[in-house]
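Chemist: sharing a model prediction with you, sequence too.
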Amino acid sequence: MHFLILSGDYSRFLRWLYTQHPGLANQCYEEQYDYDLLEYFDEAGQFHCSPWEISDGFVARSADYDHRNKENPLSYTSLIVDAWPRGSRYGL
């Protein structure tokens, strides 16, 4: 596991991070995982969201469940990816 310590403009880093889904998709492919992008921003800054079940795993900092999004929509989101070993939808 790698850790990154940031100083300065953290929001700039997050904007970059949340658009890294193409690289993440490639990494999943190389590691033989299938995946669904559940929440992410594309390179043009457009937010995309696919339906997901809270019973599959709760993500507090998400478009639907972060309370801060009630006053300022999409102000607190995450890059949310569901990944599983290729050929086994739920990794079983």
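Modeler: That came through, no problem.

Chemist: can I take it that residue 40 is in a helix?
Modeler: No - applying DSSP: H, G, I helix; E, B strand; the rest coil, one finds residue 40 to be strand, outside a helix.

Chemist: these two touch, right, it and residue 82?
Modeler: No - in this structure, residue 40 is not within contact of residue 82 by Cβ atoms under 8 Å, at 11.8 Å. Quick note: C-beta positions are derived from backbone N, CA and C, even for glycine.

Chemist: more neighbours, these two?
Modeler: Just comparing residue 40 and residue 82: by other Cβ atoms under 10 Å the higher neighbour count belongs to residue 40, 21 against 17.

Chemist: do you know how far that one is from residue 71?
Modeler: Applying Cβ to Cβ, to the nearest Å, the value for residue 40 to residue 71 is 22 Å.

Chemist: need phi/psi at residue 33.
Modeler: The phi/psi pair for residue 33 (degrees, to the nearest 10) reads phi -120, psi 140.

Chemist: same deal with the one 3 residues further on?
Modeler: Main-chain dihedrals, residue 36, degrees, to the nearest 10: phi -130, psi 130.

Chemist: and it, how many neighbours?
Modeler: Quick note: residue 36 (other Cβ under 10 Å) scores 11 neighbours.

Chemist: grab the nearest non-local neighbour of it.
Modeler: Of all residues beyond its chain neighbours, the one nearest residue 36 is residue 82 (4.7 Å), with distances taken as Cβ to Cβ, 6 or more residues apart in numbering.

Chemist: helix, strand or coil: sort out the one you found for me.
Modeler: Going by three-state DSSP: residue 82 is strand.

Chemist: please name the residues that touch it.
Modeler: Neighbouring residues of residue 82 by Cβ atoms under 8 Å, 6 or more residues apart in numbering: 35-36, 38, 52, 56.
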